[in-house]
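> Sequence below, structure please.
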Amino acid sequence: MSGATSSKNGVISFNEDNSPFNWVDLFAAGPATCISWTSSYSDTGVLGEAELATPEKGQQAYEEAVKQLVRYVTWFKDRPKDVRKDRHRKTPTMPIPWGQRPVK
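Numbering: from 1, shown residues only. So this is what the prediction gives:
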């Protein structure tokens, strides 16, 4: 591959804490993970052992991701839409954020 650079391995610092809650890898995550800036837990931006990557492993990860995305979209597209309910005791006195519209 022309112009490609090799990636070095990188350590996810909070994985070294051996926490039963806060850990991440390519295929799983702990039951309670705090999301933070990548630079706060990786000096290089590389997460894991990039030097062990192969085209075959990349293809396998890609195919699994596509398979799971297709499963999710297939499930999600046919499910009933969530019904929004207005639970305010009083009418809000400030604008609703994110361009949402009031419930009618």
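> just for the protein, where's the confidence low?
Applying pLDDT under 70 to the chain flags residues 1-7, 14-15, 21-34, 102-104.
> Could you pull out the helices in it for me?
55-78 (DSSP state H).
> What is the neighbour count of the nearest residue to Thr38 once chain neighbours are set aside?
Ranked by CB to CB, 6 or more residues apart in numbering and with sequence neighbours excluded, the top spatial neighbour of Thr38 is Gly45, at 5.9 Å. All C-beta atoms are positioned from the backbone trio N, CA, C, and that covers glycine. Neighbourhood size, Gly45 [other CB atoms under 10 Å]: 9.
> same deal with Ser42?
16.
> What distance do you get for it to Asp17?
Distance, Ser42 to Asp17, by CB to CB, to the nearest Å: 14 Å.
> before we move on, what about Glu51?
Glu51 is 23 Å from Asp17, by CB to CB.
> on that earlier part again, surely the residue nearest to Thr38 and Ser39 touch.
Yes: using CB atoms under 8 Å, Gly45 is in contact with Ser39, at 7.3 Å.
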